[in-house]
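**Q** The following comprises the amino acid sequence and a computationally predicted model.
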Amino acid sequence: MVHEGLFGYCQYSLNINQCLSFLVPGSREEESGMLCPYCNENDDRVVNSRTSVNGSAVKRRRECLNCGRRYTTYERIEDTAIRIVKKDGSRENFSRSKLLEGLNRACHKRPVSADVLEETAEEVEQQLTRHYENEVPSNVVGEMVMERLKELDHVAFIRFASVYREFKDIRDFLEQADIILGEKGEK
Ligand SMILES: [Zn+2]
């Protein structure tokens, strides 16, 4: 829904109200009124805001005025239009949160911070939107994720790969582990 407005046209295809609330400082609902994840109170202040490395998200550090604990929120453009084509030919919309869930599962109890996982999901999404217009095969996404996990944490990589590549038996798995350990040894 491209519209003319105070700012020319809206490059994000938002309706006029969304566009204005996005662009006019101080009119954002996100500035206040997040529910505290610890005490559920709706009373916080923004301690600081910063734009993520590649500029696609605003990260806000918030402090609950009720219980005093701090937490982080991210503000970003919703709905990347990319659709994922699965092996069976079915399609589904790309979902950053789903990707993040997968990353979290792979990195469970591993020394990888939540921030790094957020950034990783963001990078993958950016890379997808830069190189693909509408649809992208699911294996491309999987490989992108694995490439990054390989750099981040080898255990997480193996976990992700074992789910993603559906290792049929222990031999498949060991083969994969050998390749990774071999690559690590070369460096
Ligand atoms: Zn609280």
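**A** It's in. Numbering: from 1, shown residues only.
**Q** mind listing what the residue nearest the centre of the chain touches?
**A** With distances taken as C-alpha atoms, centre = their mean, Ala121 lies nearest the centre of the chain, 3.2 Å away. Counting by C-beta atoms under 8 Å, 6 or more residues apart in numbering, Ala121 makes contact with Arg96, Leu99, Leu100, Leu103. (Glycine included, C-beta is placed from N, CA and C.)
**Q** Remind me which helix or strand it belongs to.
**A** helix 114-131 (DSSP states H and E).
**Q** buried sites along that helix?
**A** Using 16 or more other C-beta atoms under 10 Å as the test for burial, helix 114-131 gives Leu117, Glu118, Glu119, Thr120, Ala121, Glu122, Glu123, Val124, Glu125, Gln127, Leu128, Thr129.
**Q** With stretch 130-148 instead?
**A** Going by 16+ other C-beta under 10 Å, stretch 130-148 has these buried residues: Tyr132, Val136, Ser138, Val141, Gly142, Met144, Val145, Met146, Arg148.
**Q** so which of those residues would you say is closest to Ala81?
**A** Taking C-beta to C-beta as the measure, Tyr132 is the one of these closest to Ala81, at 9.9 Å.
**Q** Can you report how many residues lie near the nearest residue to the closest one once chain neighbours are set aside?
**A** In space, and not counting its chain neighbours, Tyr132 is closest to Ile82: 5.9 Å by C-beta to C-beta, 6 or more residues apart in numbering. If you count neighbours by other C-beta atoms under 10 Å, Ile82 ends up with 18.
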